[in-house]
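Asks: coordinates only, sequence not included:
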């Protein structure tokens, strides 16, 4: 009489501790996604940078500070439209929620410094400090990005710090640095970090 054959199982169940680790990883990832605004569009930021480079070239050739400001105001509205469209497009493509607690915190933290910059602009235009507008704008924009970036992907606050450093250079450097630093910030930094975001975080 032969030996009884021991049944074999091709699909052995995963050990309990491995299943628990998988579940914890999934939960942690879900919490991180829910707590951060991940729909920032790298391609959108790159496009914003390209339009800002064109705006910097046009603004530098304006005969007055008022017309210089209006060029940048037009660029700001264009950048807002591009960013909104690109962010909505990325969120839809990746099936990401667009209106979340994190996105509202991002918008509030980013928007307040921008609003302050808008209120400061009219009195500064007609003062002896008009040449410091590039520094004020760059520094406040960087502050907004750092604050909003705390609720977004890790590279966003780094971009904000770079804007802040350029703003300080414009504030304390000679006025002739204003236009090149505006081009380097709103143009160059948006292009560089936009490419980095697109490659690392998808789109």
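Replies: Arrived safely, thanks for sending. What you see is a predicted model, and the numbers here were worked out from it, not measured in a lab.
Asks: Does the residue nearest to the spatial centre of the chain lie in a helix or a strand, and which?
Replies: For the chain, the residue sitting closest to the mean C-alpha position, by C-alpha atoms, centre = their mean, is residue 156 at 4.9 Å. Taking DSSP states H and E as the criterion, residue 156 maps to helix 155-172.
Asks: returning to that earlier point: contact partners for the residue nearest to the centre of the chain?
Replies: 40, 145, 148, 149, 193, 197 (C-beta atoms under 8 Å, 6 or more residues apart in numbering). No exception for glycine: its C-beta is placed from N, CA and C like everyone else's.
Asks: pLDDT weak spots in this protein?
Replies: Residue ranges of the chain with pLDDT under 70: 1-39, 94-102, 203.
Asks: try 80
Replies: Applying pLDDT under 80 to the chain flags the ranges 1-40, 90-104, 106-107, 149-153, 201-203.
Asks: and residue 127, how many residues sit next to it?
Replies: Applying other C-beta atoms under 10 Å, we find 11 residues neighbouring residue 127.
Asks: Can you classify it by secondary structure?
Replies: Under DSSP: H, G, I helix; E, B strand; the rest coil, the three-state class of residue 127 is coil.
Asks: all helices of the protein, in order?
Replies: In the chain, the segments counted as helices under DSSP state H are 16-34, 42-59, 65-93, 101-125, 133-149, 155-172, 178-182, 190-201.
Asks: now, of the ones you listed, which is deepest in the fold?
Replies: helix 133-149 (a mean of 24; mean count of other C-beta atoms under 10 Å).
Asks: quick one on the thing from earlier: show me which of the contacts of residue 156 is closest to residue 107.
Replies: residue 148 (7.2 Å; C-beta to C-beta).
Asks: so how far is residue 83 from that closest one?
Replies: 12 Å (C-beta to C-beta, to the nearest Å).
Asks: so residue 178 makes contact with residue 131?
Replies: Yes: using C-beta atoms under 8 Å, residue 178 is in contact with residue 131, at 6.4 Å.
Asks: In space, what's closest to residue 165 - neighbours in sequence excluded?
Replies: residue 142 (7.6 Å; C-beta to C-beta, 6 or more residues apart in numbering).
Asks: wait, the one you found sits on residue 170?
Replies: No: between residue 142 and residue 170 there is no contact under C-beta under 8 Å: 11.0 Å.
Asks: I'm done for today, thanks for sticking with me.
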